[in-house]
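Asker: Provided below for reference: sequence and predicted model.
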Amino acid sequence: MERFCFYGLFGLQNPAFWWGFFVGSKGVIFVSQILEQKFMSLTVGQKAPDFSLYNSEKNKMSLSDYNGKKNVLLLFFPLAFTSVCTKELCSVRDGINRYQNEQTEVIGLSVDSVYSLAKYKDEQQYNFPMLSDFNKDVSNEYEAIHESFSHMGMLGVSKRSAFIIDKNGMLQYVEVLDNPGEMPDFDAIDKKLSELN
């Protein structure tokens, strides 16, 4: 039986990049399999990663709370109070009847603190829950995070993204934007929600 020696754990800020170095004839193969799994993107038809986060009212919410009850439109946005984010979220607020109803819940999510989100929600009168991914765990798990954001070199800001999760917890729509100045395709989102509803 061949023995393997684990020589270390190395990684970047994003935990998806963690890897180990093994000594043994099959060590390289083992490491490459780990990396291949970590770099797999979320796709339609996969189970959506569950999570629990605090909302702007400091109440804990879980994605699994909606299992068997509602579809979820999950909107990641980079930062509260910024112009593009405000434009996007205000359009959702003003057209809330297109997205949120007895069949579907809209949820906004960013790496802002619950305190920032509370002020932002109050100022803009957003009519849907806003969750704080302050530790960036969910943004990383959904592969929706900028390693570097803006000319100021801000690290770990959520990418503007849209996910639709059906009542069975399965991903039905996935859109992750690398350009923070772009908007999700809300026509495609409308179409998918109509199909599910």
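Answerer: Sure thing, it's come through. Residues are numbered from 1 along each chain as shown.
Asker: Quick one: low-confidence residue ranges for the protein.
Answerer: 1-40, 148-154 (pLDDT under 70).
Asker: If we use 90, what do you get?
Answerer: For the chain, the stretches flagged by pLDDT under 90 are 1-41, 146-156, 197.
Asker: Helices of that one, start to end?
Answerer: 27-38, 83-94, 96-99, 114-124, 137-141, 186-196 (DSSP state H).
Asker: how about residue 126, what does it touch?
Answerer: Residues in contact with residue 126 (C-beta atoms under 8 Å, 6 or more residues apart in numbering) are 89, 93, 108, 120. C-beta here means a position set from N, CA and C on the backbone, and glycine is covered the same way.
Asker: Select from the residues you listed the one having the most neighbours.
Answerer: Within the contacts of residue 126, residue 108 tops the neighbour count with 25 neighbours, counted by other C-beta atoms under 10 Å.
Asker: Tell me the one among the contacts of residue 126 nearest to residue 136.
Answerer: residue 108 (15.8 Å; C-beta to C-beta).
Asker: tally of neighbours for the nearest residue to that closest one once chain neighbours are set aside?
Answerer: If the residues on either side of it in the chain are set aside, residue 108 comes closest to residue 130, at 4.4 Å by C-beta to C-beta, 6 or more residues apart in numbering. Using other C-beta under 10 Å, residue 130 has 26 neighbouring residues.
Asker: cool, and residue 59?
Answerer: Counted with other C-beta under 10 Å, residue 59 comes out at 11.
Asker: How about residue 146?
Answerer: Count around residue 146 with other C-beta under 10 Å applied: 18.
Asker: show me what contacts the closest residue to it other than its chain neighbours?
Answerer: Nearest non-adjacent residue to residue 146, counting by C-beta to C-beta, 6+ apart: residue 157, 4.8 Å away. By C-beta under 8 Å, 6+ apart, the contact list for residue 157 reads 78-79, 111, 145-146, 149.
Asker: and of the residues you listed, the nearest to residue 182?
Answerer: For the contacts of residue 157, the nearest to residue 182 is residue 78 (11.3 Å; C-beta to C-beta).
Asker: Give the full set of residues in contact with residue 55.
Answerer: Counted by C-beta under 8 Å, 6+ apart, residue 55 has contacts 61, 114, 117, 129-132.
Asker: One more pass at 7 Å, please.
Answerer: Residue 55 makes contact with 61, 129-131, according to C-beta atoms under 7 Å, 6 or more residues apart in numbering.
Asker: Could you do residue 108 as well?
Answerer: 75, 77, 89, 128, 130 are the contacts of residue 108 under C-beta under 7 Å, 6+ apart.
Asker: just those residues now: which is nearest residue 42?
Answerer: residue 75 (15.0 Å).
Asker: Quick check: the closest one touching residue 162?
Answerer: Yes - here residue 75 reaches residue 162: they are 5.7 Å apart, a contact under C-beta atoms under 7 Å.
Asker: And residue 186, how far from residue 77?
Answerer: 14 Å (C-beta to C-beta, to the nearest Å).
Asker: Could you check which of these two is surrounded by more residues?
Answerer: residue 77 (26 against 18).
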